[in-house]
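Visitor: This is a predicted model, with the sequence first.
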Amino acid sequence: MLSSLVMSINDAIKKLFIAAGLNGIMGFSIGGYSWVNRNTTIVTNIIALTYGNNIFIAVGVGGRIFDSIDGVNWIA
């Protein structure tokens, strides 16, 4: 189950949308029309997502911070 936390990343080619929520499950969509859920290595609920300087940041409950260069593979 995903929360309503959704982030849209725009670039010259596509729009990447990421939705995150319970137990590190994330949803991904190119263009926002069709979504794919994916389990990640994150094992906490995600409470914030952001993107800047070509890196994604996710913050989990308790302040755990995760980063990703592609929005799919996350490192604590």
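Guide: It's in.
Visitor: and stretch 57-68, how far from the chain's centre?
Guide: Centroid separation for stretch 57-68 versus its chain: 10 Å, with CA atoms, centre = their mean, to the nearest Å.
Visitor: That stretch: which residues count as buried?
Guide: Applying a neighbour-count criterion of 16 or more other CB atoms under 10 Å, one finds 58-60, 66, 68 buried in stretch 57-68. To be clear about C-beta, it is placed using only N, CA and C from the backbone, and glycine gets the same treatment.
Visitor: So which of those sit within strands?
Guide: Among the buried residues of stretch 57-68, the residues falling in strands (DSSP state E) are 58-60, 66, 68.
Visitor: Low-confidence ranges, this structure, go.
Guide: For the chain, the stretches flagged by pLDDT under 70 are 1-14.
Visitor: do you know how far the residue nearest in space to the middle of it is from residue 41?
Guide: The geometric centre of the chain, computed from its C-alpha atoms, lies nearest to residue 18 (CA atoms, centre = their mean), at 4.5 Å. Per CB to CB, to the nearest Å, residue 18 is found 15 Å from residue 41.
Visitor: Give the helix, strand or coil label for residue 23.
Guide: At residue 23 the chain is in helix, as set by DSSP: H, G, I helix; E, B strand; the rest coil.
Visitor: Residue 42 now?
Guide: Applying three-state DSSP: residue 42 is coil.
Visitor: what's around it, how many residues?
Guide: 20 (other CB atoms under 10 Å).
Visitor: Residue 33 versus that one, what's the distance?
Guide: For residue 42, the distance to residue 33 - CB to CB - is 25 Å.
Visitor: Pick the one among the buried residues of stretch 57-68 closest to residue 27.
Guide: Of all the buried residues of stretch 57-68, residue 27 sits closest to residue 58, with 13.0 Å by CB to CB.
Visitor: List the residues that contact the closest one.
Guide: 20, 42, 46, 48-49, 65-68, 74 (CB atoms under 8 Å, 6 or more residues apart in numbering).
Visitor: ok now do the nearest residue to residue 54 once chain neighbours are set aside, which residues does it touch?
Guide: Nearest non-adjacent residue to residue 54, counting by CB to CB, 6 or more residues apart in numbering: residue 69, 6.9 Å away. Residue 69 sits next to 54-56 when contact means CB under 8 Å, 6+ apart.
Visitor: Fine by me, we can end here.
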